[in-house]
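1. need a structure here:
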Amino acid sequence: MEQEKKYCLCCNEWLMTGRIDRKFCGDACRNGYHNDEFRNRNNLMRNIVNSLKRNRRALIVLAEKQTATIAELAALGFVQDYFTHVSKCEEDTVFYCFDMGYKFVEGLSVHIVSASPSGVKAV
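-> Below you'll find the predicted structure:
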């Protein structure tokens, strides 16, 4: 009974020896294949997490002022589409990026808040 020729899924090198169900010629090809396979899936999540981190950094930079404009946040790379959670605080809606949050006040301004263990507090 003759075996059919099998080739590495990454570099297309002929797999002469080894197990019958072998798919790769070595560790480098196996790792490279799986890195390429999952790169696109992971890129979306990586980009979202990076945006969330950037949003948090922007809020921290402007936290001393307690209020900021959307333009000031945008200049620091802030993207309004990404936040980790939302909470209702009295009549306001607070959008959070991890432990730093913001709520809209008067037009294009936001009030920056910080989450504390006992609840929301102004920075």
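2. Tell me how far stretch 59-67 lies from the chain's centre.
-> 22 Å (CA atoms, centre = their mean, to the nearest Å).
3. Could you do stretch 101-119 as well?
-> With CA atoms, centre = their mean, you get 22 Å for stretch 101-119.
4. in it, what counts as buried?
-> 101, 102, 103, 110, 111, 112, 113, 115 (16 or more other CB atoms under 10 Å). Glycine gets a C-beta too; all of them are placed from N, C-alpha and C.
5. In the residues you listed, find the pair that's most separated.
-> 110 and 115 (15.4 Å; CB to CB).
6. so residue 79 sits right up against residue 53, yeah?
-> No - counting by CB atoms under 8 Å, residue 79 sits too far from residue 53 to count as a contact (11.1 Å).
7. give the contact list for residue 9.
-> Each residue near residue 9 by CB atoms under 8 Å, 6 or more residues apart in numbering is listed here: 23, 24, 29, 33.
8. Quick check: helices, which of those are part of them?
-> 29, 33 (DSSP state H).
9. Show me which of the contacts of residue 9 are buried.
-> 24, 29, 33.
10. and which of those residues is nearest to residue 71?
-> Checking the buried ones among the contacts of residue 9 one by one against residue 71 (CB to CB), the nearest turns out to be residue 33, at 45.6 Å.
11. Could you find the closest non-adjacent residue to the closest one?
-> The shortest distance from residue 33 to any non-neighbouring residue, by CB to CB, 6 or more residues apart in numbering, is to residue 10 (4.3 Å).
12. how close does that neighbour sit to residue 101?
-> 46 Å (CB to CB, to the nearest Å).
13. and if you look at residue 27?
-> Counting by CB to CB, the gap from residue 27 to residue 101 is 45 Å.
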